[in-house]
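Enquirer: pasted the sequence and its predicted model underneath.
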Amino acid sequence: MAASAPNGAGQSEAHINRGNRAGPSEAYIDLGAMGRGGSGHRRTNVPGITIMGQVVTRDALISALGQARADGRRIVLTNGVFDLLHVGHARLLDTCRAQSGTDGRPPVVVVGVNADVSVRTLGKGPDRPLVPEDDRAELLAALVSVDFVTIFEEATAVNLARAVKPDLYVKGGDYAVDASASDLEVASARLPEASVVREGGGSVLLVPTVAGRSTTALARRIAMSAPLPSPGGRGVGG
């Protein structure tokens, strides 16, 4: 695939090669207007530099990954709710980005996001998700570590993993048999995607979690710090 520098902010492309963020000569895969209704990726004020992935449908994602594979790119997949972004999420995604191929080029990082209906099957509470699915997807796509985001409605990402066929599947250490162990072993019963990825020839990597950092903990802190209602039953402004 030929490397080229885009010359218009209105072009519909998905940025694939972020290995040389300091210069305008980078590789692109032209996906046309294939987004999930959004405007696709955005550019910095530096010509030729893209810092955002795309939110795409599954069909569009598979098409794009076919082009990426033809170019010899490594495909890395992760998934989750990503309800309130925190440093644990950031480190997980940075780990995904760091999994370069044998040729040293950065991988294509795909993030599967649980749809709102999917989150409600996970037992996280009646008020979850706190952030709507389209917002969560767009926020993830805005991160430099992410190339593609796709929303899935199933309770697990098994079907997504089967469709993507990633070279590497990355998840947090909370899916390990023993999260405190130095060598994290996948708890297969809790992570059915792992066996699907391995059947497709891929491997699985668990990343240690960041103690005390979770959406649940953040939501609890926010709730505890909320202002008390006034005696008249009206909330305190501010």
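Expert: Structure's in. What do you need?

Enquirer: please make it C-alpha for all contacts and neighbour counts, starting now.
Expert: Noted.

Enquirer: so what does Ile151 have for phi and psi?
Expert: Ile151 adopts backbone torsions of phi -100, psi 130, taken as degrees, to the nearest 10.

Enquirer: other SSEs contacting the helix or strand hosting Leu77?
Expert: Assignment of secondary structure by DSSP states H and E places Leu77 within strand 75-80. Of the remaining helices and strands, those touching strand 75-80 by 3 or more CA pairs under 8 Å, 6 or more residues apart in numbering; DSSP states H and E are helix 87-97, strand 108-114, strand 168-172.

Enquirer: one more time with 7 Å
Expert: Judged by 3 or more CA pairs under 7 Å, 6 or more residues apart in numbering; DSSP states H and E, the packing partners of strand 75-80 are strand 108-114, strand 168-172.

Enquirer: what angle sits between the longest helix anywhere in the chain and strand 108-114?
Expert: For the chain, the helix reaching the highest residue count under DSSP state H is reported as helix 58-70. Between the axes of helix 58-70 and strand 108-114, defined by axes from the mean of the first three to the mean of the last three CA atoms, to 10 degrees, the angle is 160 degrees.

Enquirer: tell me the buried residues in helix 58-70?
Expert: Neighbour counts over helix 58-70 (16 or more other CA atoms under 10 Å) mark Arg58, Ala60, Leu61, Ile62, Ala64, Leu65, Ala68 as buried.

Enquirer: other residues contacting the strand holding Leu77?
Expert: Taking CA atoms under 7 Å, 6 or more residues apart in numbering as the criterion, the residues outside strand 75-80 that touch it are 96, 107-114, 166-171.

Enquirer: quick one: the strands in this structure?
Expert: Counting by DSSP state E, the chain forms strands over residues 14-15, 28-29, 54-55, 75-80, 108-114, 148-152, 168-172, 203-207, given from the N-terminal end onward.
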